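# need a 3D model of the following:
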Amino acid sequence: MTDQQGGGLMDRPVATKERPTLKTIAFMTGLGITTVSRALKDAPDIGAETKERVRMVARQLGYQPNRAGVRLRTGKTNVIALVLGIDEEILGFSNQMVVGISEVLSGTPYHIVVTPHAHTKDPMLPVRYILETGSADGVIISRTEPDDARVRLLTEQNMPFVTHGRTAMGIQHPYHDFDNETFAFGAVEQLVKRGRKRIALLPPPSKLTYYQHTFDGFMRGLRAFGAEEVPLHINIDAPLGQIRSAVEALMRGPDAPDGLISSSGSSAIAANAGIEAAGKRVGAEIDLVAKQGTPILSWIRPDIIAVYEDVRQSGRELAKAVIARIDGVDPELLQSVSEPRWE
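So this is what the prediction gives:
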């Protein structure tokens, strides 16, 4: 094929695997490298039209800043570390939180890096790693305890962070939480309205802060509405098979409850299986209230009374709070609690 036949081989763009740089974007837009850099950083002295043109070209090229270079120039990593339990809620909890965080970070220079850990391991390990390696500008942690050593260490090291959940240790820090006390109180109320008087609670692990919030709401509800507790000696961190067996044994016994409250969607599914294994049915011999982060329980058992925790919104709030903390906003201004939404 000649140049005339093929329209000119020399005129065709040459494929390259080189990573696009600021210089590439500057060439494509006809702007200076400094202007491109400041536009990508959302500098106030760069016009909105110029910023959009630069961002559009950067997206088309698949441009990503060189983090090593950024760190050398600024001392920043542009990384937010999400320390997330790999064995947390199976019904989309982790995924929804990551999506919410990513939605906020997408308009910023920051990237999310998930640092997984098992709740059976030392919770300090991932936090120490982040601090020792300087691998993040900010940290998001979950599964908070009333006296949380991670919060103390991050505070002492002046590392910007936010927690999904509160503490009770006298340290002012950013957090976003779900109002588990209101959830548990309202759950008892809903069960009593259905004529239930003997109620069991499938709670979070007792070491976590939201256990106390949940238990306080539960007990307050029992007193307010004249119901009584049926003890259930297992929590939502137990393997689902064990939850199923424990609920089945309780439902077969002489002190079977007529109401059950579950602090998570996955444990509610296991509890429902235990109820049915005992020859009983939700909506008949017993009613079940469950918190869920993904609206799926009604597909499995429409009679389950579901309470929605918007975990994606929690992710958004956590991302906004940690960025604000990096920017120096006082932690007292970065504390929020979301309310239960009854389905």
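
# residues near the nearest residue to Arg220 once chain neighbours are set aside, how many?
The shortest distance from Arg220 to any non-neighbouring residue, by CB to CB, 6 or more residues apart in numbering, is to Phe185 (5.5 Å). Using the backbone N, CA and C atoms, a C-beta is placed for each residue, glycine as well. Number of residues near Phe185 (other CB atoms under 10 Å) recorded here: 22.

# sec struct for Phe185, please.
At Phe185 the chain is in helix, as set by DSSP: H, G, I helix; E, B strand; the rest coil.

# so what pLDDT did it get?
pLDDT recorded at Phe185 is 98.

# centre-most residue in the protein?
Met97 (3.2 Å; CA atoms, centre = their mean).

# what's next to the helix or strand containing that one, contact-wise?
Using DSSP states H and E, Met97 sits in helix 93-105. The contact list for helix 93-105, computed with CB atoms under 8 Å, 6 or more residues apart in numbering, reads 80, 82, 84-85, 88, 111-112, 114, 140, 164, 264, 293-294, 311-320, 323.

# check which element follows that helix along the chain.
Taking DSSP H and E, what comes next after helix 93-105 is strand 111-117.

# hey, C-alpha coordinates of the helix or strand just after that following strand in PDB?
Sequence-wise, the next helix or strand downstream of strand 111-117 (DSSP H and E) is helix 124-133. The C-alpha atoms that make up helix 124-133 are tabulated as PDB, following Å, rounded to 0.1, in the frame of the first residue of the first chain:
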ATOM      1  CA  MET A 124      -4.200  -1.600  65.200                       C
ATOM      2  CA  LEU A 125      -2.200  -3.400  62.500                       C
ATOM      3  CA  PRO A 126      -3.600  -1.600  59.400                       C
ATOM      4  CA  VAL A 127      -3.500   1.800  61.200                       C
ATOM      5  CA  ARG A 128       0.100   1.300  62.300                       C
ATOM      6  CA  TYR A 129       1.000   0.300  58.700                       C
ATOM      7  CA  ILE A 130      -0.500   3.400  57.200                       C
ATOM      8  CA  LEU A 131       1.200   5.700  59.800                       C
ATOM      9  CA  GLU A 132       4.600   4.000  59.400                       C
ATOM     10  CA  THR A 133       4.600   4.000  55.600                       C
END
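
# give me the contact list for the next helix-or-strand element following helix 124-133.
Using DSSP H and E, the helix or strand that follows helix 124-133 in sequence is strand 138-142. For strand 138-142, the external contacting residues (CB under 8 Å, 6+ apart) are 80-85, 88, 101, 110, 127, 130, 150-151, 154, 159-165, 318-319, 322-323, 325-326.

# which other residues reach the very next helix or strand once past strand 138-142?
Sequence order places helix 149-156 as the next helix or strand after strand 138-142, per DSSP H and E. Helix 149-156 has contacts (CB under 8 Å, 6+ apart) with 123-124, 127-128, 131, 139, 141, 144, 161, 163, 167, 169, 171, 173.

# the helix or strand just after helix 149-156 pairs with which strands?
Counting by DSSP H and E, the element after helix 149-156 in chain order, helix or strand, is strand 161-164. Here strand 161-164 has these sheet partners by DSSP bridges: strand 138-142 (parallel), strand 175-178 (parallel).

# using PDB, write out every CA atom in strand 161-164.
What follows is strand 161-164, C-alpha atoms only, in PDB (Å, rounded to 0.1, in the frame of the first residue of the first chain):
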ATOM      1  CA  PHE A 161      -9.200  10.700  60.100                       C
ATOM      2  CA  VAL A 162     -13.000  10.000  60.400                       C
ATOM      3  CA  THR A 163     -14.800   7.100  62.000                       C
ATOM      4  CA  HIS A 164     -17.900   5.300  61.000                       C
END
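
# what residues of that strand count as buried?
Phe161, Val162, Thr163, His164 (16 or more other CB atoms under 10 Å).

# pretty sure Thr144 is one of the things the third one touches, is it not?
Yes: with the criterion set as CB atoms under 8 Å, Thr163 and Thr144 qualify as a contacting pair; they are 4.9 Å apart.

# pull up the overlap in contacts between those two.
Joint contacts of Thr163 and Thr144 (CB under 8 Å, 6+ apart) are Val151, Tyr175.

# and the helices in the stretch 201-343 of the chain, which stretches?
Ranges of helices within the stretch 201-343 of the chain are 209-225, 240-252, 265-277, 297-300, 311-326, based on DSSP state H, counting those that start in this stretch.

# rank these by pLDDT, which is bottom?
helix 297-300 - the lowest mean pLDDT of the helices of the stretch 201-343 of the chain, at a mean of 86.

# that one packs against which elements?
helix 265-277 (3 or more CB pairs under 8 Å, 6 or more residues apart in numbering; DSSP states H and E).

# give me the low-pLDDT residue ranges for this protein?
Within the chain, the segments meeting pLDDT under 70 span 1-18, 65-75, 86-92.

# walk me through the domains of it.
The chain resolves into domains spanning 3-64, 75-173+311-342, 180-308 when parsed by automatic domain parsing.

# restricting to C-alpha, output the helix holding Met97 in PDB.
Provided in PDB are the C-alpha atoms of helix 93-105 (Å, rounded to 0.1, in the frame of the first residue of the first chain):
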ATOM      1  CA  PHE A  93     -22.500  -3.000  53.100                       C
ATOM      2  CA  SER A  94     -18.800  -2.700  52.100                       C
ATOM      3  CA  ASN A  95     -19.600  -2.100  48.400                       C
ATOM      4  CA  GLN A  96     -22.200   0.600  49.100                       C
ATOM      5  CA  MET A  97     -19.800   2.400  51.400                       C
ATOM      6  CA  VAL A  98     -17.000   2.300  48.900                       C
ATOM      7  CA  VAL A  99     -19.300   3.600  46.200                       C
ATOM      8  CA  GLY A 100     -20.400   6.500  48.400                       C
ATOM      9  CA  ILE A 101     -16.800   7.500  49.200                       C
ATOM     10  CA  SER A 102     -15.800   7.200  45.500                       C
ATOM     11  CA  GLU A 103     -18.700   9.500  44.500                       C
ATOM     12  CA  VAL A 104     -17.200  12.300  46.600                       C
ATOM     13  CA  LEU A 105     -13.600  11.600  45.800                       C
END
